[in-house]
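*Asks:* Show me how the following folds:
(2 chains)
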Amino acid sequence: GEDVEQSLFLSVREGDSSVINCTYTDSSSTYLYWYKQEPGAGLQLLTYIFSNMDMKQDQRLTVLLNKKDKHLSLRIADTQTGDSAIYFCAELTSNTGKLIFGQGTTLQVKP
Amino acid sequence: AAGVIQSPRHLIKEKRETATLKCYPIPRHDTVYWYQQGPGQDPQFLISFYEKMQSDKGSIPDRFSAQQFSDYHSELNMSSLELGDSALYFCASSFHRTASTDTQYFGPGTRLTVL
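*Replies:* Numbers count the residues shown, from 1 in each chain, chains lettered A, B, ... in the order given. Reported below is the predicted structural model:
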């Protein structure tokens, strides 16, 4: 079945790079997304990658996709305190339009 | 740029009452999705509509129903509310279900508290 897994917590120091990892099971996923959720707020789309791509870079964000291992990562360069939030990876299932979310990774950025 | 609008933002109801949540998609978006996020949980897909027809159904209780109207806004109707229905309810919209990206943009959510 469809399943998305993430590590639950990551703590980094301001200025360091953060790497948030995600694994998924549906090999037919077409798109994979990263969303950011601040406390009590909605889901903000950060970036997405098409399943036939290996990498996508968008300013401080780099997404790496290893389709063979079904592994997705989000790297945030020069992490700032404002990056503290929960980060969800999500896969778009190929035969429906619904998103399957991981459990979310809480990123804590220490000054 | 216009975003997805949800109303109300907060709602407090008693057990066994009913609630109606509204969602106004981004202009020209024709697909609406509803998700439920319990405390400390990831969002779970409930139901979606494309061009006013139900396109997919997830873990939506029979007590809940939803529809999409001619102006593409959607309403989620919840009856016989239970304590476990307390959650953040998100609506998302996208353009054209069959388009290549199908990227979903989320609204700010409605926080429902059932007492």
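*Asks:* Give me the contacts around the helix or strand hosting A:L74.
*Replies:* In this assignment (DSSP states H and E), A:L74 forms part of strand A:71-76. Applying C-beta atoms under 8 Å, 6 or more residues apart in numbering or on different chains, the set of residues contacting strand A:71-76 from outside is A:17-24, A:32, A:34, A:46-47, A:49, A:60-66, A:83, A:87, A:89, A:107. The way it works is simple: take the backbone N, C-alpha and C, and place the C-beta from them, glycine included.
*Asks:* Can you list the low-confidence ranges for the chain?
*Replies:* With no chain named, the answer covers chain A. Within chain A, the stretches with pLDDT under 70 are A:1-2, A:94-96.
*Asks:* nope, chain B please
*Replies:* Applying pLDDT under 70 to chain B picks out residues B:1, B:97-101.
*Asks:* Okay, buried residues for stretch B:2-19 please.
*Replies:* B:V4, B:I5, B:Q6, B:L11, B:K13, B:A19 (16 or more other C-beta atoms under 10 Å in any protein chain shown).
*Asks:* Touching, the first one and B:F106? I think so.
*Replies:* Read that as B:V4. Yes - here B:V4 lies in contact with B:F106, judged by C-beta atoms under 8 Å, at a distance of 6.3 Å.
*Asks:* overlap in contacts of the two?
*Replies:* What both B:V4 and B:F106 touch, as defined by C-beta under 8 Å, 6+ apart, is the set B:C91, B:A92.
*Asks:* So which residue is dead centre in chain B?
*Replies:* Nearest to the mean C-alpha position of chain B, counting by C-alpha atoms, centre = their mean, stands B:W34 at 3.1 Å.
*Asks:* follow-up on the earlier one: close to chain B as well: tell me which of the contacts of strand A:71-76 qualify.
*Replies:* Subset of the contacts of strand A:71-76 in contact with chain B: empty, counting by C-beta under 8 Å from any C-beta of the partner chain.
*Asks:* And the furthest pair within the buried residues of stretch B:2-19?
*Replies:* B:V4 and B:K13 (22.6 Å; C-beta to C-beta).
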